[in-house]
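Visitor: Okay, predicted coordinates and the sequence, questions at the end:
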Number of protein chains: 4
Amino acid sequence: MVVVLKPNIPKEKRNELIREIEAMGVKVQITEGTQTSILGLVGDTSNLNKYRIASNEIVANILRVQEPFKKANKMFKPDNTIIEVAGRRIGEGYFTVITGPCSVESEEQIEGIAKAVKTNGAAFLRGGAYKPRTSPYSFQGLGLEGLEYLKIAREKTGLPIVSEIMSPDLVQRFVEDVDIIQVGARNMQNFVLLKELGKTNKPILLKRGLSATIEEWLMSAEYIMSEGNEQVILCERGIRTFETYTRNTLDLSSVLSIKKLSHLPVIVDPSHATGHSWMVEAMTKAAVVVGADGVIVEVHNNPAHALCDGSQSITPEQFSGLMDKIKKLVEIEGKVLVE
Amino acid sequence: MVVVLKPNIPKEKRNELIREIEAMGVKVQITEGTQTSILGLVGDTSNLNKYRIASNEIVANILRVQEPFKKANKMFKPDNTIIEVAGRRIGEGYFTVITGPCSVESEEQIEGIAKAVKTNGAAFLRGGAYKPRTSPYSFQGLGLEGLEYLKIAREKTGLPIVSEIMSPDLVQRFVEDVDIIQVGARNMQNFVLLKELGKTNKPILLKRGLSATIEEWLMSAEYIMSEGNEQVILCERGIRTFETYTRNTLDLSSVLSIKKLSHLPVIVDPSHATGHSWMVEAMTKAAVVVGADGVIVEVHNNPAHALCDGSQSITPEQFSGLMDKIKKLVEIEGKVLVE
Amino acid sequence: MVVVLKPNIPKEKRNELIREIEAMGVKVQITEGTQTSILGLVGDTSNLNKYRIASNEIVANILRVQEPFKKANKMFKPDNTIIEVAGRRIGEGYFTVITGPCSVESEEQIEGIAKAVKTNGAAFLRGGAYKPRTSPYSFQGLGLEGLEYLKIAREKTGLPIVSEIMSPDLVQRFVEDVDIIQVGARNMQNFVLLKELGKTNKPILLKRGLSATIEEWLMSAEYIMSEGNEQVILCERGIRTFETYTRNTLDLSSVLSIKKLSHLPVIVDPSHATGHSWMVEAMTKAAVVVGADGVIVEVHNNPAHALCDGSQSITPEQFSGLMDKIKKLVEIEGKVLVE
Amino acid sequence: MVVVLKPNIPKEKRNELIREIEAMGVKVQITEGTQTSILGLVGDTSNLNKYRIASNEIVANILRVQEPFKKANKMFKPDNTIIEVAGRRIGEGYFTVITGPCSVESEEQIEGIAKAVKTNGAAFLRGGAYKPRTSPYSFQGLGLEGLEYLKIAREKTGLPIVSEIMSPDLVQRFVEDVDIIQVGARNMQNFVLLKELGKTNKPILLKRGLSATIEEWLMSAEYIMSEGNEQVILCERGIRTFETYTRNTLDLSSVLSIKKLSHLPVIVDPSHATGHSWMVEAMTKAAVVVGADGVIVEVHNNPAHALCDGSQSITPEQFSGLMDKIKKLVEIEGKVLVE
């Protein structure tokens, strides 16, 4: 950490601040500039009370040198994490396709979709039992009934299942029922939920919040990891910007940022990011070549009658075509397509 | 709702769509333009499956005519809602000052601050017992112990208390212990929590999410209200923008937007919005003259040693000066300063 | 255009508004809803004074049905525009690589880079003679001298040249000297400049403004086209968002939006968008598979000593490796790599 | 400037970098941390090639200690600049109201408005002769004819005039004709124009760009000032955010940021920021109490028939009411209302 002082500070005031900082357990080295001095703080600064230092009247600015995340940090664990779920891998060297409808609507629906996507090479089945909706008057999901239908679909197809959790009291149930627990964008900073999930040993699919920086996203992963669960899969799903032609703006460069900063796997959700089914194929292809470890794509048997997010879902037929494109690019990338 | 068709659609296709829409329970009126036709949907369109219509291949666009919020909508309840808590009012015609430290740190601390702000005319005491922090390694609040200290401070000063809730399982406890339950920006779309709070009869202070539109914010209020609890106080606390000189960008015009669209009270949090204690006074004054129903301002006995958000807290002395400024402006606005 | 009225408006007031609108030369069709009426405006609404209608006290909202751009609109020209420059094509079916240093620094430098990138398959040489810099104290480019060096490099390699213009008084000079005139992001709404360029017959490379919507970007193209010059190439170069890890956020979905809305070619600039040379390869690959018609990539012989934007430039060696990747993907896409 | 090195760098590599940096004319002081070392650069770092250092492979990050603006910097000129135009002051201690229509439409219109606002206490008349419009098909202003009408209005009322310039070739004409030259938001980084204006001795009203940071805005002022013209008035006019209920988001805290960082006057434009005439009064009041040195408010004799921006213009009657509110607040602020 670097503390920049205001210009022309008397030495005694400066020394007083240095004593105060050193009392927090770090060493201070001074660089005297022509106008300002800067203090370099040496030692473990991660628990330092930055605000206390910042509110000192002689301090102009505080510049952080180290990232605040530890367990998620590639610097402390250079080998990329590969997560194994039901014999399928997610992480460096693999490309994993997760797919299914936004929401589980009936036993027949989810079973039908599961069979169709299984045939076409999907590795995981995703379906929403609990749906976070902007409006209280929109369909909120089938709840536990939806989870049951997902389990039946898993039994019939062998596809492991992914579903979104919305509150801490359902953690135990999700641990028992699903193979990967999804945390949605709106809950990325639901810290109580993250801590509870950190106490489980289930892989967690952590979506990026609508206005979360790369660092905040990794700090949310850190919440889960700091409780003991290091199986976190990050998912870029678009950020909120001024542009309204797409639902959100898919930030594909975030895949590269995450790969640089962290050892955790990162996948991409082109369906929620764009909100347009006709954009899904192209953005999925981009996700492959940019280096994502997988995608999560919405497929619905009848998008026009979907109870949620129909306009961004592709049909099983379109999914089949998409898989052909994915296969070619995954091969060029020298990766293994997970089946 | 208005459905815009693509150009040059054959009549039979159009009629097919009209039949499909009318089967959903609304009437359709056609406006034939020179290039495109538009369909006006008459009746209750709030439960209509918009995605189903949007994914029809002949539809170019869907334009919404009505706001999706009902109970929060000024159109259906023109009289402004005034919420009464422990004999103090929040709403049109009043100006209410809520204040206190970001987090409760000890019994002495919260009691000391409570007495100081009470003397200077605060109407409510706010203190965080549970703190949502970006980092799992930051101070997370005293929890239930913090709530106890708040209750002691209330007993000694008579100030009703406001505190933030972070998970649904604590709703009953908060209902018993505090006077207003705060929902933080990061939980604005924690719908499970909102629904639980909607089943209580406590006033809820609902902060705007970092990237929430005015409409999404009101829809979150609607979540609470649709469950039966209509005592919602909105709180503008800055939105996330590209500008980094301030912590967030305080959107004061949102106060005006809310007043236009809704009957609910709206207050302003200048401390979290700016992140700078030296900006608090000016932005509070702006909140008064722009028409906010109150402010929530962070006060700490010793900002330099605060366990959280010290750089944005003002001292009790500064608060005293601030109250003098507030009083003058509230008077000019012809409002009653709540004590 | 659709005009939504406020609820419960007396018929006579409504009829008065209708008369006023019809006096502007369009026809009005009424759809009476349960609460509000909407007026559908039939005819050419592009010159209508929307503000005049919006400021009528009985109007709640105005919803636009048609896009405001005409010459750039795919609806009116379904065939994609292919622009030919010095025997090289830019547009559907082709992939064109433009490359070179951020700024021309000397005759040797630009000639050296030109030869290196020519060998590796670049189709165009780009170099900045005039540089828009945030700081007046930064290197501002060599000006006309830079243009001369570019011409020498063109002569020696045969590569047509692209360079950025910053003011209307240099239009004639640029028309004589360069093959494609670039308009930078900061000048995307420099309408005086756009109009002047519209009077020439040179292809214009129009970069997206940092906070320009898709529509505003196309409207800037429209400025050029409405003056007679229809040779506009759009260039996505990242938008400003809250994320600061990358210089800007590359919005690759905008390529798809443009392809849907317009017939104009669109290319991608991964160098300026990300600001990181190590991100350029991956983002370029993504641009290819997403359907862009080309890329503009910064190459510098010695990035560490570049006078501008060194941290985002790749070396000629890295460019060579990048071209190998591009070739494979362009082939898979079934396009022709322009040489 | 502080250079942060990557962890575990061999000493010889580090020393090589230090030699390279010192060859640029600054001294380097080392702070060795437990994991990384940081280099403090002492001396004049403003002309240092930051990119060259950043692209060195052992550098992790570069942190800037000083602001890059000099002439606009309060640190180097603590006394606030007060600009005097035709006997009227703009700056600390004064509050100046500039007003008039978005565009000059006819001699009668501008004269009528000028007389009305003069009566009500406006200090300056603003009117657009050249209008930057998103669409080439919208009214573009009367041009030189508009300037002539403005001059007539000035002659008849004594109000000095403010008008927007759009291209460098008109600088001389504007210097002769108007009292303050306005640079619009879209031209905030039209550096050629800024430099030309820097060579004049006319006060420049520099609007903040739609997505300009505080620093970029001050750097644009620096462009003007570095050429010799230090009479720059900054104008906050709203920034582009995700919120669409208002045209832009008025960032009132920017007034405070500017006051902290710079000695230049700063005023507020509530009309363009909000886009709603009914928001103008409240936001103007907020501008006064937040400490702005003035406002620029759109007034139109007949907003419903305005050729541009009618929905955000207030009538002369509303302006009269607004001035009453302004007067009261300016008095409370202890400032002089400029007449």
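Guide: Received, thanks. Since the model is a prediction, treat every value here as computed from it, not as a measurement.
Visitor: quick one: residue A:99 is in a helix?
Guide: No - the assignment for residue A:99 (DSSP: H, G, I helix; E, B strand; the rest coil) gives strand, which keeps it out of a helix.
Visitor: Against residue A:165, how distant is residue A:81?
Guide: 21 Å (C-beta to C-beta, to the nearest Å). In this view, the C-beta of every residue, glycine as well, is placed from N, C-alpha and C.
Visitor: of these two, who's got more company?
Guide: residue A:165 (26 against 18; other C-beta atoms under 10 Å in any protein chain shown).
Visitor: Just grab the bridge partners of the more buried one for me.
Guide: Counting by DSSP bridges, residue A:165 forms beta bridges with residue A:183.
Visitor: Now do the same contact list for it.
Guide: Each residue near residue A:165 by C-beta atoms under 8 Å, 6 or more residues apart in numbering or on different chains is listed here: A:130, A:171, A:174, A:181-183, A:193, A:197.
Visitor: just residue A:318 next, same as before
Guide: So, once contact is read as C-beta under 8 Å, 6+ apart, residue A:318 ends up touching A:277, A:280-281, A:299.
Visitor: does it count as helix, strand or coil?
Guide: For residue A:318, the assignment made with three-state DSSP gives helix.
Visitor: go on, residue A:125?
Guide: Here residue A:125 is recorded as strand under three-state DSSP.
Visitor: Any figure for the gap between it and residue A:298?
Guide: Applying C-beta to C-beta to residue A:125 and residue A:298 gives a distance of 12 Å.
Visitor: and if you look at residue A:119?
Guide: 17 Å.
Visitor: more crowded one of those two?
Guide: residue A:298 (27 against 13).
Visitor: Report the beta-bridge partner residues of the more buried one.
Guide: In this entry, residue A:298 is beta-bridged to residue A:100, by DSSP bridges.
Visitor: what's around residue A:323, how many residues?
Guide: By other C-beta under 10 Å, neighbour count at residue A:323 equals 21.
Visitor: I'd assumed it was in a helix, is it?
Guide: Yes - judged by three-state DSSP, residue A:323 forms part of a helix.
Visitor: pLDDT wise, what is it at?
Guide: The model reports residue A:323 with a pLDDT of 98.
Visitor: any idea how far it lies from residue A:125?
Guide: 15 Å.
Visitor: Equivalent analysis for residue A:35, please.
Guide: In terms of C-beta to C-beta, residue A:35 sits 62 Å off from residue A:125.
Visitor: And for residue A:179?
Guide: Counting by C-beta to C-beta, the gap from residue A:179 to residue A:125 is 9 Å.
Visitor: Which of these two has more residues huddled nearby?
Guide: residue A:125 (29 against 18).
Visitor: what's across from the more buried one in the sheet?
Guide: Bridge pairing for residue A:125 - DSSP bridges - gives residue A:99, residue A:161.
Visitor: Now the residue of the stretch 1-150 of chain A found nearest chain B: closest residue in space that isn't a chain neighbour?
Guide: For the stretch 1-150 of chain A, the residue closest to chain B is residue A:51, as judged by C-beta to the nearest C-beta, at 3.6 Å. In space, residue A:51 comes closest to residue B:310 once its chain neighbours are excluded; the distance is 3.6 Å by C-beta to C-beta, 6 or more residues apart in numbering or on different chains.
Visitor: repeat for residue A:121
Guide: residue A:323 (4.8 Å).
Visitor: check contacts around that neighbour.
Guide: So residue A:323 contacts A:97, A:120-122 (C-beta under 8 Å, 6+ apart).
Visitor: Recalculate using a threshold of 10 Å.
Guide: A:97, A:99, A:117, A:119-122, A:284, A:297, A:330, A:337 (C-beta atoms under 10 Å, 6 or more residues apart in numbering or on different chains).
Visitor: just the helices in chain A please.
Guide: In chain A, the helices defined using DSSP state H lie at A:11-22, A:50-54, A:107-119, A:144-157, A:171-177, A:191-198, A:214-226, A:253-261, A:270-274, A:277-290, A:316-332.
Visitor: For residue A:226, see how far away residue A:170 is.
Guide: 22 Å.
Visitor: Same question for residue A:8.
Guide: If you go by C-beta to C-beta, the gap between residue A:8 and residue A:226 works out to 42 Å.
Visitor: do the same with residue A:102
Guide: Residue A:102 is 31 Å from residue A:226, by C-beta to C-beta.
Visitor: more neighbours, those two?
Guide: residue A:102 (26 against 20).
Visitor: Poorly predicted segments of the stretch 201-339 of chain A, please.
Guide: Residue ranges of the stretch 201-339 of chain A with pLDDT under 70: none are present.
Visitor: Within range of chain D, give me the residues from the stretch 101-250 of chain A.
Guide: A:210-211, A:239-244, A:248 (C-beta under 10 Å from any C-beta of the partner chain).
Visitor: So how do I select the buried members of those residues in PyMOL?
Guide: Applying 16 or more other C-beta atoms under 10 Å in any protein chain shown to those leaves a buried subset, and the PyMOL line that selects it is:
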select buried, chain A and resi 210+211+239+240+241+242+243+248
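Visitor: TSV for the residues of the stretch 101-250 of chain A next to chain D, including distance to residue C:201?
Guide: Shown next, in TSV, are these (distance: C-beta to C-beta, whole Å):
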residue	distance to residue C:201
A:210	45
A:211	45
A:239	40
A:240	41
A:241	35
A:242	34
A:243	32
A:244	35
A:248	39
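Visitor: Go back to the residues of the stretch 101-250 of chain A next to chain D and keep what's next to chain B.
Guide: Counting by C-beta under 10 Å from any C-beta, the members of those near chain B are A:210-211, A:239-242, A:248.
Visitor: Let me know the closest of those residues to chain C.
Guide: Once C-beta to the nearest C-beta is applied, the member of these that ends up nearest chain C is residue A:241, at 4.9 Å.
Visitor: so the nearest residue in space to the closest one that is not next to it in sequence bridges to which residues?
Guide: Nearest non-adjacent residue to residue A:241, counting by C-beta to C-beta, 6+ apart: residue A:249, 4.4 Å away. When assigned by DSSP bridges, residue A:249 has beta-bridge partners residue A:239.
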